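Okay, predicted coordinates and the sequence, questions at the end:
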Amino acid sequence: MAEIPDFTTRPELAGTFGMVASTHWLASAAGMAVLEQGGNAFDAAVAAGLVLQVTEPHLNGLGGEVPVIAHDASRGETFVLCGQGTAPAAATPEAFADLGLDLVPGSGLLAACVPGAFGAWLLLLREYGTLRLREVMTYAIGYAAHGYPMLPAASRGIATVAGLFRDYWPSSAEVYLPGGAVPEPGSRFANPALAATYQRILDEAETASGDRDEQIEAARRAYYEGFVAEAIAAYLATAEVMDVTGQPHRGLLSYADLSDWQPRLEEPLTFDYHGLTICKTRPWGQGPVFAQQLALLDGFDLAGMGPGSAEFIHTVAECAKLAFADREAWYGDPDFTDVPVKTLLSAQYADARRRLVGPQASTELRPGTPDGRAPRLPAFITDPVPGRGDGTGVDPTVNGRLAVTQLDQGTGEPTLGTSGLRSGPAAASYRAGDTCHLDVADRFGNLVSATPSGGWLQSSPVIPGLGFSLGTRAQMFTLTPGLPATLAPGKRPRTTLSPSLALKDGEPYLAFGTPGGDQQDQWTLLFFLNHVLAGMNLQQAIDFPAFHTAHMPSSFYPRQAQPGVLDIESRAGEAVIEDLRRRGHQVNVRPAWSLGRVSAVGRRNGMLYAAANPRGMQGYAAGR
């Protein structure tokens with residue numbers, strides 16, 4: 001068992017007025033400013049979320065998506081806000097087969113779903129916020145217009161795709177290569193086109209009405225039915241864009257797809273564990289896998305093992321493999337498929353699955369048989385092309401896909417290790433795009449957890465005149481017919497985005513989350529167990545050495561798996577690492593502070609608390 005250090009990289013903040021924690025200090029500051037001017041947690045979350053679109057463009061954008069889990073104290077209501085856009089009407093497996101593709105590409109225009117983030121933020125503001133549109137948009141507009149410090153990770157991301165921008169995506173070069181050069185880390189960077197887009201939305205909203213709610217609705221129309229949708233549709237109607245396949249393709253998203261879409265409010269999926277009720281998204285996201293892991297782990301004496309011990313790490317990793325195998329077989333948009341969630345989270349099912357956890361690491365993908373139903377898996381798992389399943393790459397002769405000669409580990413944003421392809425004209429366009437996160441608690445008892453993502457600058461070209469890129473979330477669909485996650489028009493992709501909220505005795509207790517794709521519900525699980533079982537405060541739980549398994553197929557193109565691989569921070573210690581290797585884990589030792597970017601806010605004993613991650617050197621919490 002590793003010792004829980006008294007020293008933390010920054011304090012666990014405590015106060016009574018309000019707390020904001022996020023993956024960027026400017027977003028946290030903006031959210032706190034909104035609280036100071038009298039706004040509530042929902043107002044602050046919207047302001048912070050829009051700032052993240054500006055200051056972390058390599059991780060999210062105005063063309064991306066966001067799921068939100070929140071608690072409204074005045075209504076006594078915990079809810080999920082789904083800002084995950086749906087697949088275009090023209091997006092079918094047959095459409096991709098006609099192009100000779102058996103995977104949805106991870107870059108370019110083919111993988112675009114309806115951008116859901118802006119609509120979701122507007123719905124959150126209208127239904128639960130108190131401030132006017134101008135009061136929450138002003139921070140994002142200001143940073144986009146007047147500049148902000150370029151993050152080192154964003155500069156590196158731009159550098160990797162600079163050649164692609166110059167040769168194939170000129171609209172991106174215009175925005176992100178000012179004067180033809182990659183912006184230097186720390187330099188003041190502005191996006192005037194994006195600022196103009198925000199400003200025009202606000203101007204049209206304020207011209208339409210003086211009423212707060214009517215202004216918010218007018219802003220939604222400007223995006224989804226007005227000039228933004230028109231610009232997106234006009235570009236996609238003619239643009240043929242180079243993507244990771246090494247071939248140019250035209251997008252499938254249309255004006256009708258945008259104008260027909262609405263964000264939606266849903267009840268959360270809940271699971272009780274050690275006196276807390278965990279709230280997650282339903283299985284259109286991977287959120288239930290967090291609860292499945294808890295159900296499996298409830299049969300082990302984790303507290304006795306102690307956090308950081310080889311036995312603890314082995315047990316958590318092996319249970320994660322089982323839960324994520326079920327994700328691959330059973331999760332999908334419940335509007336389109338019958339997901340046996342009740343059984344997957346039942347004690348009886350967990351008891352049966354738990355027996356598969358042995359003393360040695362498994363290298364098999366083993367989905368279960370809930371209600372006696374036999375699992376089926378996508379073709380990229382059952383019939384992988386040469387090289388795709390073993391981490392060495394994609395056969396360049398199969399379906400015209402671009403060769404992957406090397407997947408470099410450990411560069412770029414610290415939350416994901418895959419940095420990109422190393423060959424071919426579109427090599428730089430394959431990036432393991434990443435994500436942001438924010439949490440807010442206010443003095444009124446409200447709590448918000450949100451994980452914005454998509455619209456990464458490195459994965460899709462900037463829409464001319466708008467200053468932002470579309471998302472590529474459709475890459476998480478499978479093209480194998482008849483599966484829960486099979487692509488279909490109007491369907492939500494089974495996203496990795498997974499904010500978390502916990503209640504205690506029905507009252508909001510903790511909001512938390514992280515970027516990191518498939519790792520999100522592993523890194524947050526460690527944080528949660530550290531806090532709940534080991535008694536660590538929020539900052540100690542975040543700082544503690546992290547690990548995750550890379551055993552499951554990636555949700556990102558080209559859908560590779562690394563069976564048996566366990567990534568772990570070097571701070572776990574050589575003795576623990578060697579013990580894990582003896583247990584059969586293929587241990588990949590990562591730098592000391594490299595895995596995860598968890599942030600959190602909490603309420604307990606009449607106080608508010610917050611903590612943020614030192615990894616990546618940009619997350620911060622603010623509060624008083």
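Noted; the coordinates are in hand.

dump the residue contacts of residue 518.
286, 324, 496, 550, 552, 554, 555 (CB atoms under 8 Å, 6 or more residues apart in numbering). (C-beta placed from N, C-alpha, C; glycine too.)

which one of the residues you listed is nearest residue 192?
Residue 192 has its nearest neighbour among those in residue 496, at 32.1 Å by CB to CB.

Is it correct that the closest one is in contact with residue 476?
Yes: Residue 496 is in contact with residue 476 according to CB atoms under 8 Å; the separation is 7.2 Å.

where in this protein is pLDDT low?
For the chain, the stretches with pLDDT under 70 are 1-2, 384-433.

And the residue nearest the centre of it?
residue 497 (3.6 Å; CA atoms, centre = their mean).

now it, what's its secondary structure?
Under DSSP: H, G, I helix; E, B strand; the rest coil, residue 497 falls in the coil class.

Over to residue 579?
helix.

Enumerate every residue touching it.
So residue 579 contacts residue 310 (CB under 8 Å, 6+ apart).

between residue 496 and residue 476, what contacts are shared?
In contact with both residue 496 and residue 476: residue 555, using CB under 8 Å, 6+ apart.

roughly how far apart are residue 530 and residue 307?
6 Å (CB to CB, to the nearest Å).

re the thing from before, ok, and the closest non-adjacent residue to the residue nearest to the centre of the chain?
Closest residue in space to residue 497, ignoring its immediate chain neighbours: residue 451 at 4.5 Å, by CB to CB, 6 or more residues apart in numbering.

Can you read off the backbone torsions of the one you found?
phi -130, psi 80 (degrees, to the nearest 10).

What of residue 135?
phi -70, psi -20.

Isn't residue 229 up against residue 223?
Yes: assessed by CB under 8 Å, residue 229 is found in contact with residue 223 at 6.7 Å.

and the residue nearest to residue 497, what does it touch?
Counted by CB under 8 Å, 6+ apart, residue 451 has contacts 66, 67, 435, 436, 437, 497, 498, 499, 513, 514, 515, 520.

same question, residue 23
By CB under 8 Å, 6+ apart, residue 23 lies in contact with 52, 56, 59, 436-438, 515, 597, 599, 612-613, 616, 618-619.

so what's residue 601 bridging to?
Residue 601 has these beta-bridge partners by DSSP bridges: residue 511, residue 610.

SS state for the residue located most distally from the centre of the chain?
The C-alpha centroid of the chain is most remote from residue 210, which lies 35.5 Å away (CA atoms, centre = their mean). Secondary structure assignment for residue 210 (three-state DSSP): coil.

how close does it get to residue 133?
Relative to residue 133, and taking CB to CB, residue 210 is found at 12 Å.

Now do the shared contacts for the two.
Joint contacts of residue 210 and residue 133 (CB under 8 Å, 6+ apart) do not exist.

just checking, what packs against the biggest helix by length in the chain?
Under DSSP state H, the helix in the chain containing the largest number of residues is helix 310-330. Packing partners of helix 310-330 (3 or more CB pairs under 8 Å, 6 or more residues apart in numbering; DSSP states H and E): helix 288-297, helix 302-305, helix 520-532, strand 547-549, strand 565-569, helix 574-582.

out of those, nearest to residue 446?
Using CB to CB, the helices and strands packed on helix 310-330 put helix 520-532 closest to residue 446, at 20.6 Å.

contact partners of the helix or strand just after the closest one?
As assigned by DSSP states H and E, the chain's next helix or strand after helix 520-532 is helix 538-543. Under the criterion CB under 8 Å, 6+ apart, residues 4-5, 8-12, 526-528, 530-531, 534, 596, 598-600, 602, 609-614 lie in contact with helix 538-543.

Narrow these to those that are buried.
4, 8, 12, 526-528, 530-531, 534, 596, 598-600, 602, 609-614 (16 or more other CB atoms under 10 Å).

ends of stretch 30-47, how far apart?
Length of stretch 30-47, first residue to last, CA to CA, to the nearest Å: 6 Å.

Flag every buried residue along that stretch.
30-35, 39-47.

chain center to that stretch: distance?
22 Å (CA atoms, centre = their mean, to the nearest Å).

Same check on stretch 187-203?
Counting by CA atoms, centre = their mean, stretch 187-203 comes out at 24 Å from the chain centroid.

Using PDB, write down the CA coordinates of that stretch.
Listed next in PDB are the C-alpha coordinates belonging to stretch 187-203 (Å, rounded to 0.1, in the frame of the first residue of the first chain):
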ATOM      1  CA  SER A 187       2.300  33.900 -27.200                       C
ATOM      2  CA  ARG A 188      -0.900  36.000 -27.300                       C
ATOM      3  CA  PHE A 189      -3.200  34.300 -29.800                       C
ATOM      4  CA  ALA A 190      -6.500  35.500 -31.000                       C
ATOM      5  CA  ASN A 191      -9.200  34.000 -33.300                       C
ATOM      6  CA  PRO A 192     -11.000  37.000 -34.800                       C
ATOM      7  CA  ALA A 193     -13.300  34.900 -37.000                       C
ATOM      8  CA  LEU A 194     -14.500  32.900 -33.900                       C
ATOM      9  CA  ALA A 195     -15.000  36.200 -32.000                       C
ATOM     10  CA  ALA A 196     -17.100  37.500 -34.900                       C
ATOM     11  CA  THR A 197     -19.200  34.400 -34.900                       C
ATOM     12  CA  TYR A 198     -20.000  34.700 -31.200                       C
ATOM     13  CA  GLN A 199     -20.600  38.400 -31.500                       C
ATOM     14  CA  ARG A 200     -23.000  38.000 -34.400                       C
ATOM     15  CA  ILE A 201     -24.900  35.400 -32.600                       C
ATOM     16  CA  LEU A 202     -25.200  37.800 -29.600                       C
ATOM     17  CA  ASP A 203     -26.100  40.800 -31.800                       C
END
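
now what about that stretch, what contacts it?
50, 53-54, 57, 62, 133-134, 137, 140-141, 144-150, 175, 178, 183, 219, 222-223, 227-228, 462, 465-468.

Generate a PyMOL selection restricted to the buried subset of these.
Per 16+ other CB under 10 Å, the buried members of the contacts of stretch 187-203 correspond to this PyMOL selection:
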select buried, resi 50+53+54+57+62+133+137+140+141+144+145+147+148+149+150+175+183+219+222+223+228+462+466+467+468
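
So which of the contacts of stretch 187-203 are in strands?
Among those, the members falling in strands (DSSP state E) are 148, 149.

distance of the residue farthest from the centre of the chain from residue 146?
27 Å.

same thing with residue 322?
Counting by CB to CB, the gap from residue 322 to residue 146 is 50 Å.

Excluding chain neighbours, what is closest to residue 70?
That would be residue 448: by CB to CB, 6+ apart, it lies 4.4 Å from residue 70.

how distant is the helix or strand hosting the one you found from the center of its chain?
Assigned by DSSP H and E, residue 448 belongs to strand 447-450. In terms of CA atoms, centre = their mean, the centre of strand 447-450 is found 14 Å from the chain centre.

Show the subsequent helix or strand relative to it.
strand 500-504.

what comes into contact with that following strand?
69-71, 78, 268, 275-280, 287, 290, 447, 449, 508-513, 524, 528, 604.

Which entries within the residues you listed meet the buried criterion?
Among the contacts of strand 500-504, those that count as buried by neighbour count (16+ other CB under 10 Å) are 69-71, 78, 268, 276-280, 287, 290, 447, 449, 508-513, 524, 528.
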